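*Asks:* Here is a sequence together with a model predicted from it:
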Amino acid sequence: MRKTIANILILDDNSEILIAAKMLLKRHFETVNTHTNPKKVIEYLSQNTVDVVLLDMNFRLGFEDGKEGIFWFKEIKRISPYTQVILMTSFGNVETAVEGIKLGAIDYILKPWNNEALVETVKTAVKQTRKKLTTLEESTADQQVYLGIAPSIQKVYTMANRVAVTDVNTLILGENGTGKYVLAKYIHDHSPRKDQPFIHVDLGSLNENLFESELFGYAKGAFTDAKQDTEGRFEAANGGTIFLDEIGNVPLHLQAKLLQVIQSKSVIRLGESKQRAVDIRIITATNTDIEKEVNDKMFREDLYYRINTVVLNLPPLRERKEDIIPLVNFFIEQYATKYNRNISSINKDTFEALQQYDWKGNIRELENRIERAMILAETDQLVLSNFGISAIMVEQSDTEENTLQDMERLSIIKALEKNQGNISQTADELGLSRAALYRRLEKYNIKNDY
Ligand SMILES: Nc1ncnc2c1ncn2[C@@H]1O[C@H](COP(=O)(O)OP(=O)(O)OP(=O)(O)O)[C@@H](O)[C@H]1O
């Protein structure tokens, strides 16, 4: 059975209910998580996109009037307005559930539930969330992008402007949250294909069963659930751009199938033999060290050379610290509008701490933390605790980085000494290219006067 790609969260204090609901829903939806603690759920929602929450109305014995459910329902909607909430209630509490519906819950179900009805209710809710998110994506299609002042990022966007007007295959590299999707969309929006579709496929989230049917489409009857002829994502992108995200996570045998489409610019739907030509521009991205994957024979070399005509390297945020404060201001402005908050300032110490913090999750983490701060702030000035960051975390991230950098500096000096300043031998010993070694000598201000 084809599972619906969706993230479902079930929140109930009764672990038996959680197990039963998870077992049922896991058969129909890609990701199903459960939780007994509503506070943890709020934290999870501020970091993740959740399509649907199934929310129990009563948490503690003796508090069975459903009021707690309403409280947590409001919290969920405040943190994640696009998530749909289905209330779970017992017969005696229908009135409170109806109150929840008036406040915006999509539906309620009575415990014990009917399995089929529950699955259908969740499916309808997922569709609603998707509709809202698509509208949101469309309305933010020409959302402002903060390009950045650091030379490393400016180089990337200058290059992006140049490749945008061509059709060359472009590979975007960067850690999680560095803006690979944003850059791919930017290239599309600045290309002659901008009025045609931009199709984003997260290859990492497609399991093997879905891979071919999602990408290549299928003919009616090709498998049990194939009720009608359906085009795949490559065909949907015809005339425009397809963005193949997380390409480094595709298993070897499926890489061959991708290579074939990229080479021939045509697809064959499952259950058909007819080739269908597609006019597409291909942008790929990964956060893996793809060259290493190629060397380790985990990624096909021929596919790598197909996709990497131009490579754009997005630097992590900790290596472009000059962009942290402008990005903070950028997101404050966006979320002030979204949450209707009159916040425009941060105290100086907080600014400094934000700049020191190492942002392992890059721009995504920064954006999430600012959104959280904008929701939680009690005054019109943001303080560090609103970001969920403590002074200790800042200090640790700073010393961790320093220690690592100190260690790297020291090992370079030792290797240089040992090889009496010979750059090629030193680079070899350190497993670096000559260029990479020169960059580090400059970065750590090491003079090679051996
Ligand atoms: N230049 C930018 N200007 C404004 N917002 C940005 C920029 N780059 C990234 N962001 C924001 O940061 C978040 C992460 O960006 P994006 O999804 O493009 O990163 P990614 O590298 O594709 O992440 P992942 O590898 O985890 O999929 C998004 O919410 C995006 O809106």
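*Replies:* Sure, I can see it. Numbering: from 1, shown residues only.
*Asks:* At the geometric centre of the chain, which residue do we find?
*Replies:* By Cα atoms, centre = their mean, the chain has its centre lying nearest to residue 177, at 6.6 Å.
*Asks:* Which residue, neighbours along the chain excluded, lies closest to that residue?
*Replies:* With Cβ to Cβ, 6 or more residues apart in numbering as the criterion, residue 177 has its nearest non-adjacent residue at 3.2 Å, and that residue is residue 364. From N, CA and C alone the C-beta is placed, and that goes for glycine too.
*Asks:* Would you verify that the one you found is located in a helix?
*Replies:* Yes. Residue state for residue 364 (DSSP: H, G, I helix; E, B strand; the rest coil) corresponds to a helix.
*Asks:* these two touch, right, it and residue 176?
*Replies:* Yes. With contact defined as Cβ atoms under 8 Å, residue 364 counts as touching residue 176 (6.9 Å).
*Asks:* Tell me which of the two has more neighbours.
*Replies:* residue 364 (17 against 14; other Cβ atoms under 10 Å).
*Asks:* residue contacts, residue 7?
*Replies:* Residue 7 is in contact with 30, 31, 33, 48, 49, 50, 51, counting by Cβ atoms under 8 Å, 6 or more residues apart in numbering.
*Asks:* please redo it, this time with the cut-off set to 7 Å
*Replies:* 31, 48, 49, 50, 51 (Cβ atoms under 7 Å, 6 or more residues apart in numbering).
*Asks:* any idea of the pLDDT on the nearest residue in space to the second one that is not next to it in sequence?
*Replies:* Meaning residue 48. The shortest distance from residue 48 to any non-neighbouring residue, by Cβ to Cβ, 6+ apart, is to residue 7 (6.8 Å). Note for residue 7: predicted pLDDT of 89.
*Asks:* if I look at residue 7, how far off is residue 287?
*Replies:* According to Cβ to Cβ, to the nearest Å, residue 7 and residue 287 sit 20 Å apart.
*Asks:* cool, and residue 15?
*Replies:* 35 Å.
*Asks:* Who has more neighbours out of those two?
*Replies:* Remark: of residue 15 and residue 287, residue 287 carries more neighbours, 20 against 10, as counted by other Cβ under 10 Å.
*Asks:* check contacts around the more buried one.
*Replies:* Residue 287 neighbours (Cβ under 7 Å, 6+ apart): 174, 175, 176.
*Asks:* for the residues you listed, which one is nearest residue 418?
*Replies:* residue 175 (31.9 Å; Cβ to Cβ).
*Asks:* tally of neighbours for the residue nearest to the closest one when sequence neighbours are not counted?
*Replies:* Counting by Cβ to Cβ, 6+ apart, residue 175 lies nearest to residue 316, which is 5.0 Å off, once chain neighbours are set aside. By the criterion of other Cβ under 10 Å, residue 316 has 18 neighbours.
*Asks:* How about the one 5 residues further on?
*Replies:* Other residues near residue 321 come to 14 when the count uses other Cβ under 10 Å.
*Asks:* Run through who's touching stretch 112-129.
*Replies:* Here stretch 112-129 makes contact (Cβ under 7 Å, 6+ apart) with 4, 6, 8, 24-25, 28, 51-52, 82-84, 86, 106-107, 109.
*Asks:* And these, which two are furthest apart?
*Replies:* Top of the distance list for the contacts of stretch 112-129 (Cβ to Cβ): 24 and 82, 24.1 Å.
*Asks:* Quick one: the helices in the stretch 151-300 of the chain, in order.
*Replies:* 151-164, 180-189, 208-216, 233-236, 252-264, 290-295 (DSSP state H, counting those that start in this stretch).
*Asks:* List the residue ranges of this protein that fall below the pLDDT cut-off.
*Replies:* 1-2, 47, 59-65, 132-143, 391-404, 406, 449-450 (pLDDT under 70).
*Asks:* residues contacting the residue of the chain at minimum distance from the ligand?
*Replies:* Taking Cβ to the nearest ligand atom as the measure, the chain has residue 179 as its residue closest to the ligand, at 2.7 Å. With contact taken as Cβ under 7 Å, 6+ apart, residue 179 is in contact with 314, 363.
*Asks:* do residue 370 as well
*Replies:* 328, 331, 332, 335.
*Asks:* most surrounded residue in those residues?
*Replies:* Neighbour counts for the contacts of residue 370 peak at residue 328, which has 22 neighbours (criterion: other Cβ under 10 Å).
*Asks:* Tell me which residues are up against the host helix or strand of that residue.
*Replies:* Taking DSSP states H and E as the criterion, residue 328 maps to helix 324-338. For helix 324-338, the external contacting residues (Cβ under 7 Å, 6+ apart) are 146, 149, 317, 343-344, 346, 351, 354-355, 363, 366-367, 370-371, 374.
*Asks:* Please parse this protein into its domains.
*Replies:* Following automatic domain parsing, one finds the domains of the chain at 4-139, 151-313, 318-389, 394-443.
*Asks:* Contact residues of this protein facing the ligand?
*Replies:* Applying Cβ under 6 Å from any ligand atom, we find that the chain lies next to the ligand at 145-146, 174, 176-182, 287, 363-364, 367.
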